[in-house]
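S.K.: What shape does this take:
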Amino acid sequence: MASFFRKRPIRYPLILFMLLSGVASYLLLSNNLLVGLLFALLVVGVFIYAWVIEKRVYEETERHIETLSYRMKKVGEEALLEMPIGIILINDQHIIEWANPYMTQKLPFDTIIGEELLSISSDFQQLLKQDDSKEMVISLDEHDYKVFYKAEEKLLYFFDITEQVEMESLYYGDRTVIGVLFIDNYDEISQGMDDQTRGQLNSIVTSTVNNWGAKHGIYVKRISSDRFLAVFNESILLEVEKSKFSILDDIRETTSKFGFSLTLSVGVGAGSTSLVELGELAQSSLDLVLGRGGDQVAIKHPNGKVKFYGGKTNPVEKRTRVRARVISHAMRDLIQDSDQVLVMGHKFPDMDAIGSAVGVRKMVEMNKIDGYVVIDFNELDKSVLRLMDEIKEKPDLYKRFISPEEAINKMTEKTLLVVVDTHKPSMVIDEKLLQKAEKVVVIDHHRRGEEFITNTMLVYMEPYASSTSELVTELIEYQPKNEKITMLEATSMLAGIIVDTKSFTLRTGARTFEAASYLRTHGADTILVQRLLKEDLDTYIERSKIVQNVEFFREGIAIAHGDEDTNYSQVLLAQTADILLAMNNVSASFVIGHRSDSSVAISARSLGEVNVQIVMEKLNGGGHLTNAATQLTDITVPEAINQLKLAIMETIEGGNAE
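M.R.: Purely as a prediction, here's the structure:
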C-alpha cells in the first residue's frame, strides 16, 4: 500500500482523503458518533501520511533535479572543452576573446586570445561581411574546416572536414575525361604526297601524340588519319593544364623540323559522369576550337564553362575555294526561298561591317529578291559617314539602308536575316531583330567565341580570312550574273578589306589579293577609298594625347588610356593601338577610353607573341590573335586598366576561363 502511494504521491491519497472525509461527515451527521470519530481519526491519519509521502517525493525530486543539473553542467563543460569541435568567441572588432582547447591545439600559435581573426586567415573577411548567420569552408594549417558563424553571439563553430574534402578530391579527380585531338591541316598537307612521305608524316604525328599520352598516363588511340581519341581523368587533366597542353607546341615544333608545319586542335569534355555527355562536350569543344582557327584546346563542362589554351598561331589560309562555292550556292537557295533579306552588322559598324553588308545586299539583288541593310544612323564614325554621303548620291542604293525599327516592321516569317562581321548576339545592331528572325545566316571572319548566335540555318566562319568583305567577295563570284557590281559597291568592300588588313600588311593571304583584284576589276576606286579613310587634324591630335599616357606593363606590352571625362570613338582607339604597335620594342598594345554610350572600350593589337583575343575574351570581348576589342559597362578607366592587367597576367600564366 505504501509503495502504491509513493508511486502516486499526491493524486490517490487526496482522493482517498476526500472519500473518507465524506463518509466521516455523513456518520457524524447521522448520530453514529463513535463510528464517525473513528473515521475522523482515519481521515487525519491518511492526511498526515499523504503529507509525509508528498514531502519525501518532493525532496527526492529536488535531489534528482540537482544531480541532473550538475551532470548536465558538467557534460556541457566537457563538451565545450573536450569535444572535437572548435569554438571561438570574438568581439565587435573581430578580436578573439576566447577559444576552446580543441581550437587552440589545432592552430600553430602559442595563444590566439587577443589575436585578430583576420590575421589567422583573410578568408574570414567574406564570412564576417553580413550580419546574418552563415557558413563556409576555410583552410587553416593544412586542415579544412566548415565554419558556422552566429553573428548575433559573435560565435564561430569549426568542424574539421579534411577527410571529407580529401575524399571529394579523390572522387572528382578520378572522374573520366574524354578528349578528341584533330590535326587541323592534315588533308591539305598530305594531299599530293607519295606513300613513303605520308607514312613518315603519320609516324611522326602518332609517335609525338603517343609519347605525350604515355608521359601523363593518358590512353590515346588514333581513330582516323587526322583524329585521335584520348581518355584520362580529371586529376591528369589538371596536370596537363599546368603544362598548358604542351602537345600543341610539340606537334608544331616536331613536324616543322621535317617541313610539314602541322597544328593540332583539341576538344575536351569534363565534369560529367555520363560518357555520352562527355563525348558530346568533347565534340562541341572541338567545333568551337575549329571555329576559332585551330591550334588551340577547349575544355568544356556541362554548366557551359569553357577554358582555352594555345592559339599562338594565325589560322592557316585554305588553298581551295570549294567551301566558298558550296556556301555561295547554299546562300543562293536560302535567298531565293525568302520574300526579302535583311543584312545587319555589329554595333558602331566599321568599314568591313558596312562593306560586307553592301556585298550581301548585292548578292540578294543578283537573285532578284529585295534586300536591305540595317543600320543605326546615330552610331557611325566619320569614315563610314563619308561612305554614306557617297551612297546618298545613289538614291536607288541609299533607299536600301533602313533603321532597326523599319526592319522589325518589315520582317515576316519568310524573311532571311544575314548577320555579318560578328557572331555574338550582344554585338549586333539590334538584338530584337535577331530574336524575331525565323531564318538566320552568319558570315564572319573572327575567331569563334563561346557566345554565339543559335538556331542558324547557315554559318560561314573562316578565321583565316582578312575580313568579312573578303569572304563576301568570294561568295559573289559564284552568284548569278544578273546584276553587275557598281563602282561604289566594289569600293565599299575594298575599303573593308583595306581597313582590316591595315592596307594589306596584316592577316593578308593570297586569296585576299585575289578578292581585291576581283573588286578592282569591277571598278573599285582606290582613290575614293583613300578619301573615305582620311582623318582630320583634330583626330590626329586626340590620338597623340592618348599616346602620351602610355605605360609599359610588361616587356613589350604597352597600355595607353584616354581622359576620364572624354568620349572616344572605337575607330580612334583602334587607330591609336595600331600606332603604338608600330613603335619600337612594342609587341602588343592596348588602348582604353570612354565611348559615347557610357561604356569603356579597349582596343588590342599584337604582332602574334601575345594572343590579344584571349585577353579580350577574359573581359567578355573577342577578335583575332592579333586584333581584338571589348566594351565594359559601369566601370571607370582606372578600374578597366586594373582588369586588363589581371587578364594579361592570367593569359600569360595560364588558360582562358569563360
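
S.K.: contacting residues around the residue lying closest to Asp525 once chain neighbours are set aside?
M.R.: Among residues not flanking Asp525 along the chain, Thr491 sits closest, at 4.9 Å (CB to CB, 6 or more residues apart in numbering). Backbone N, C-alpha and C define where each C-beta goes, glycine included. Contact analysis of Thr491 by CB atoms under 8 Å, 6 or more residues apart in numbering lists Leu519, Gly523, Ala524, Asp525, Leu528, Val529, Leu532.

S.K.: Buried among the residues you listed? Make that a ChimeraX selection.
M.R.: For the buried members of the contacts of Thr491, the matching ChimeraX selection, counting by 16 or more other CB atoms under 10 Å, is:
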select :519,524,525,528,529,532
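
S.K.: Helix or strand for the residue nearest to Asp525, just tell me which one.
M.R.: Under the criterion of DSSP states H and E, Thr491 resides in helix 487-501.

S.K.: how far does that helix sit from the chain's center?
M.R.: 35 Å (CA atoms, centre = their mean, to the nearest Å).

S.K.: elements contacting the following helix or strand past it?
M.R.: Using DSSP H and E, the helix or strand that follows helix 487-501 towards the C-terminus is helix 510-521. Counting contacts by 3 or more CB pairs under 8 Å, 6 or more residues apart in numbering; DSSP states H and E, helix 510-521 is packed against helix 468-476, helix 487-501.

S.K.: ok so, going back, how much space is there between the residue nearest to Asp525 and Met351?
M.R.: As defined by CB to CB, to the nearest Å, Thr491 lies at a distance of 10 Å from Met351.

S.K.: re the thing from before, compile the helices and strands packed on helix 510-521 into a markdown table and extend it with columns for mean pLDDT.
M.R.: Compiled in a markdown table, the helices and strands packed on helix 510-521 are given as follows (pLDDT from 0 to 100):
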| stretch | mean pLDDT |
| --- | --- |
| helix 468-476 | 94 |
| helix 487-501 | 93 |
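
S.K.: Let's have those in CSV, adding distance to Ala330.
M.R.: CSV is the format used below for the helices and strands packed on helix 510-521 (distance: least, CB to CB, whole Å):
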stretch, distance to Ala330
helix 468-476, 10
helix 487-501, 20
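
S.K.: Let me know how buried Glu535 is, in neighbour terms.
M.R.: 14 (other CB atoms under 10 Å).

S.K.: do Glu59 as well
M.R.: When neighbours are counted by other CB under 10 Å, Glu59 registers 10.

S.K.: Please identify which helix or strand holds it.
M.R.: helix 33-82.

S.K.: and that helix, what's its mean pLDDT?
M.R.: For helix 33-82, mean pLDDT is 68.

S.K.: Please apply the same query to stretch 504-522.
M.R.: The model assigns stretch 504-522 a mean pLDDT of 89.

S.K.: buried sites along it?
M.R.: Leu506, Arg507, Thr508, Gly509, Arg511, Thr512, Phe513, Ala515, Ala516, Tyr518, Leu519, His522.

S.K.: and if you look at stretch 238-246?
M.R.: So for stretch 238-246, counting by 16+ other CB under 10 Å, buried means Val240, Glu241, Phe245.

S.K.: What's the end-to-end length of that stretch?
M.R.: Using CA to CA, to the nearest Å, the end-to-end distance of stretch 238-246 comes to 13 Å.

S.K.: And for stretch 213-228?
M.R.: For stretch 213-228, the end-to-end distance is 11 Å (CA to CA).

S.K.: same question, stretch 391-402
M.R.: Length of stretch 391-402, first residue to last, CA to CA: 13 Å.

S.K.: Check what contacts it and list those residues.
M.R.: Under the criterion CB under 8 Å, 6+ apart, residues Arg361, Gly371, Tyr372, Val373, Val374, Ile375, Met388, Lys410, Thr486, Leu488, Glu489 lie in contact with stretch 391-402.

S.K.: Looking at it now, give me its mean pLDDT.
M.R.: Mean per-residue pLDDT for stretch 391-402: 92.

S.K.: Now find how far off-centre that stretch is within its chain.
M.R.: With CA atoms, centre = their mean, you get 41 Å for stretch 391-402.

S.K.: coming back round to it: from the contacts of stretch 391-402, keep the buried residues only.
M.R.: Arg361, Gly371, Tyr372, Val373, Val374, Ile375, Lys410, Thr486, Leu488, Glu489.

S.K.: Now flag whichever of these is closest to Asn627.
M.R.: Using CB to CB, Ile375 comes nearest to Asn627 of the buried ones among the contacts of stretch 391-402, at 22.9 Å.

S.K.: in the stretch 551-658 of the chain, which ranges drop under the pLDDT threshold?
M.R.: In the predicted model of the stretch 551-658 of the chain, residues 653-658 satisfy pLDDT under 70.

S.K.: just so I have it, where are all the helices in it?
M.R.: With DSSP state H, counting those that start in this stretch as the criterion, the stretch 551-658 of the chain has helices at 570-581, 612-617, 637-653.

S.K.: Leu156 in helix, strand or coil?
M.R.: strand (DSSP: H, G, I helix; E, B strand; the rest coil).

S.K.: Is it correct that Glu188 falls within a strand?
M.R.: No: using three-state DSSP, the assignment for Glu188 is helix, not a strand.

S.K.: Count the residues that sit near the closest residue to Met136 other than its chain neighbours.
M.R.: Leaving out its chain neighbours, the residue that sits closest to Met136 by CB to CB, 6+ apart is Leu127, at 5.4 Å. For Leu127, the neighbour count with other CB under 10 Å is 18.

S.K.: gap between Leu127 and Ala601?
M.R.: Taking CB to CB, one finds Leu127 at 37 Å from Ala601.

S.K.: do Phe47 as well
M.R.: 99 Å.

S.K.: same question, Leu607
M.R.: Taken as CB to CB, the span from Leu607 to Ala601 is 22 Å.

S.K.: Which one's more surrounded, those two?
M.R.: A count of neighbours by other CB under 10 Å puts Ala601 above the other of Leu607 and Ala601, at 25 against 15.

S.K.: got the contact list for the more buried one?
M.R.: Counting by CB under 8 Å, 6+ apart, Ala601 touches Tyr568, Gln570, Leu573, Ile592, Gly593, His594, Arg595, Ala629, Thr630, Gln631, Leu632.

S.K.: Export those as TSV, with columns for distance to Leu475.
M.R.: Output for the contacts of Ala601, formatted as TSV (distance: CB to CB, whole Å):
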residue	distance to Leu475
Tyr568	34
Gln570	27
Leu573	31
Ile592	36
Gly593	35
His594	37
Arg595	32
Ala629	26
Thr630	29
Gln631	29
Leu632	34
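
S.K.: Val57: which of those is nearest?
M.R.: Set against Val57, the nearest of the contacts of Ala601 by CB to CB is Leu632 (79.0 Å).

S.K.: which non-adjacent residue is nearest that closest one?
M.R.: Val600 (4.7 Å).

S.K.: swap in Asp339?
M.R.: In space, Asp339 is closest to Lys414, 4.3 Å off (CB to CB, 6+ apart).

S.K.: Please report how far the one you found lies from Val442.
M.R.: On the measure of CB to CB, Lys414 and Val442 end up 19 Å apart.

S.K.: which one of the two has more residues nearby?
M.R.: Neighbour count, other CB under 10 Å: between Lys414 and Val442, Val442 has more, with 21 against 11.

S.K.: I'd like the mean pLDDT over stretch 212-222, please.
M.R.: The model assigns stretch 212-222 a mean pLDDT of 94.

S.K.: what's the straight distance from one end of it to the other?
M.R.: 13 Å.

S.K.: can I see the domain layout of the chain?
M.R.: With domains defined by automatic domain parsing, the chain comprises 2-80, 86-165, 174-310, 322-532, 537-657.

S.K.: Can you give me the end-to-end span of the longest one?
M.R.: Using CA to CA, the gap from the first to the last residue of domain 322-532 comes to 34 Å.
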